[in-house]
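Enquirer: Need coordinates for the below:
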Amino acid sequence: MVGRETISGLKAGEAIIRVTAARASTWLRHPDPASQEIRLPVRLFPPTLQVMSTQTYVAQGGCEAVVYRVGESSVRDGVRAGTWWFPGYPLPGGSKGEHFAFFAVPYNMNAANARIVAADAAENEAELSFIDQFFPKKFKEDTVELSDAFVGKVVPEIMAQTPELPDRGSLLANYLAINQDLRQKDGVVLKDLATKSREEFLWSKPFISIQNGKVMAGFADYRTYNYQGRVVDHQTHLGYDLAVTRHAPVPAANDGMVVLARYFGIYGNAVVLDHGFGLMSLYGHLSAIGVTVGQKIARGDTIGQTGETGLAGGDHLHFAVILDGLPVNPVEWWDGHWINDHIALKLGPGFHYSE
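Expert: Numbers count the residues shown, from 1 in each chain. Below you'll find the predicted structure:
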């Protein structure tokens, strides 16, 4: 790419690059020069960008939708929040250039540093601030006392199911590697799954939870891990732990497609459902999995049973909602009124939603 710094007097429009090569002559032949040319657009300014939706109110760790219009030169658009990227898509039923994006303010970002971004092929970027009100949130802090019995239960199981994990020489060292390194690797897998999400709405109703589930841990609880009287780790719990009865049936939170159904790191036996446009739900610590990858699932279908596989101290369901690889607060998605006000009303008739 070149610009005015390289070519003085460069103007927006179309550039013609012509290459001419002279051919070798002989005393009998004098061939004409060979010439090739290509035409390239010259873009000196970023794409146009206009916010169309209003009343964008987002909480720390929560989600929202935004509708905007981008110019024809845009080849990439979406919302950037800190280091996270939430891609934009053509608005279903919208006019040319009308796009939307689901986005979130990450649980560990305590300011609404989010911008709509549109870039052209030359990487000229336009960006707009668009959040009307941001609600910071203080998440709960918790302490986990690690016992030899618990560590001795979970570590051998996870290492047996994850042969790529090297043995660090002790149960505690292996536990910390699982809690830190494997947790991070699981996050990379979830982010990669999001890049393959279907570009369509696979759901049309509020998300549901397991029936009569008792909350054992909440979203973004900041955990301090103690072992034998000393602090050994800190992690953030990015979902809801819900306990009912042993091996209780686990319902699909919404319509979707199975994109993961296997033993999955810290989550043990797990299922991940794709709901479209980067929105997914995760069900962890299952005792049994009842679905297969590629299977179409209806809201309320039983996808497995609660259990205590992976990093689980007792029989329960770890439930998480994930947007483009980022765990977000599930409470919003369980609330039909929230979905109507923050998602459906903004997206318009192209999103066929009913509470």
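Enquirer: Give me the nearest residue to Ile322, chain neighbours excluded.
Expert: Spatially, and ignoring its direct neighbours in sequence, Ile322 is nearest to Met280 (4.6 Å; Cβ to Cβ, 6 or more residues apart in numbering). Just so you know, the C-beta spots here come from the backbone N, C-alpha and C atoms, and that holds for glycine as well.
Enquirer: can you check Pro92 too?
Expert: According to Cβ to Cβ, 6+ apart, the nearest residue to Pro92 is Gly350 (3.1 Å).
Enquirer: Can you give me the neighbour number for that neighbour?
Expert: Using other Cβ atoms under 10 Å, Gly350 has 13 neighbouring residues.
Enquirer: Identify the residues contacting it.
Expert: When the contact criterion is Cβ atoms under 8 Å, 6 or more residues apart in numbering, the partners of Gly350 are Leu91, Pro92, Gly93, Gly94.
Enquirer: quick revisit: in its sheet, what does the one helix or strand the residue nearest to Ile322 maps to sit against?
Expert: Using DSSP states H and E, Met280 maps to strand 279-286. Take DSSP bridges as the rule and strand 279-286 pairs in its sheet with strand 269-276 (antiparallel), strand 317-323 (antiparallel).
Enquirer: Downstream of the last one, the next helix or strand is which one?
Expert: Read it as strand 317-323. Scanning onward from strand 317-323 (DSSP H and E), the first element met is strand 326-328.
Enquirer: which residues touch the helix or strand following that next one?
Expert: Sequence order places helix 330-333 as the next helix or strand after strand 326-328, per DSSP H and E. Outside of helix 330-333, the residues that reach it under the criterion Cβ under 8 Å, 6+ apart are 59, 62-63, 206-207, 209, 219, 239-240, 253, 319-321, 338-339, 342.
Enquirer: mind running it again at 6 Å?
Expert: Contacts of helix 330-333 with the rest of the structure, by Cβ atoms under 6 Å, 6 or more residues apart in numbering, involve Gly62, Phe207, Tyr240, Val321, Trp338.
Enquirer: Secondary structure class of the second one, three-state.
Expert: This points to Phe207. What DSSP: H, G, I helix; E, B strand; the rest coil gives for Phe207 is coil.
Enquirer: quick revisit: ok now the strand holding Met280, how far from the chain's centre?
Expert: Here strand 279-286 is found 13 Å from its chain centre; the criterion is Cα atoms, centre = their mean, to the nearest Å.
Enquirer: now do stretch 146-164
Expert: In terms of Cα atoms, centre = their mean, the centre of stretch 146-164 is set 28 Å apart from its chain centre.
Enquirer: ok, now stretch 168-181?
Expert: Distance, stretch centre to chain centre, for stretch 168-181: 27 Å (Cα atoms, centre = their mean).
Enquirer: Same check on stretch 171-182?
Expert: The chain centroid and the centroid of stretch 171-182 are separated by 25 Å, computed with Cα atoms, centre = their mean.
Enquirer: Please verify my assumption that Leu91 contacts Ala101.
Expert: No: with contact defined as Cβ atoms under 6 Å, Leu91 and Ala101 do not form a contacting pair (9.9 Å).
Enquirer: hmm, back to that, select from the contacts of Gly350 the one having the most neighbours.
Expert: Counting by other Cβ under 10 Å, Leu91 has the largest number of neighbours within these, with 21 neighbours.
Enquirer: Could you measure from that residue over to Val67?
Expert: 6 Å (Cβ to Cβ, to the nearest Å).
Enquirer: Check the contact lists of the two and give me the overlap.
Expert: Listed as contacting both Leu91 and Val67 by Cβ under 6 Å, 6+ apart are Phe100.
Enquirer: relative to strand 269-276, how tilted is the helix or strand hosting Phe100?
Expert: Assignment of secondary structure by DSSP H and E places Phe100 within strand 98-104. Between the axis of strand 98-104 and that of strand 269-276 there is an angle of 150 degrees, by axes from the mean of the first three to the mean of the last three Cα atoms, to 10 degrees.
Enquirer: Output strand 98-104 as CSV, restricted to C-alpha atoms.
Expert: Listed in CSV are the C-alpha atoms of strand 98-104, where the atom choice follows Å, rounded to 0.1, in the frame of the first residue of the first chain:
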residue,chain,number,x,y,z
GLU,A,98,-27.1,-1.4,7.0
HIS,A,99,-25.2,-3.7,9.3
PHE,A,100,-25.5,-4.9,12.9
ALA,A,101,-23.2,-6.3,15.5
PHE,A,102,-23.7,-8.1,18.8
PHE,A,103,-21.0,-6.9,21.2
ALA,A,104,-20.0,-7.1,24.9
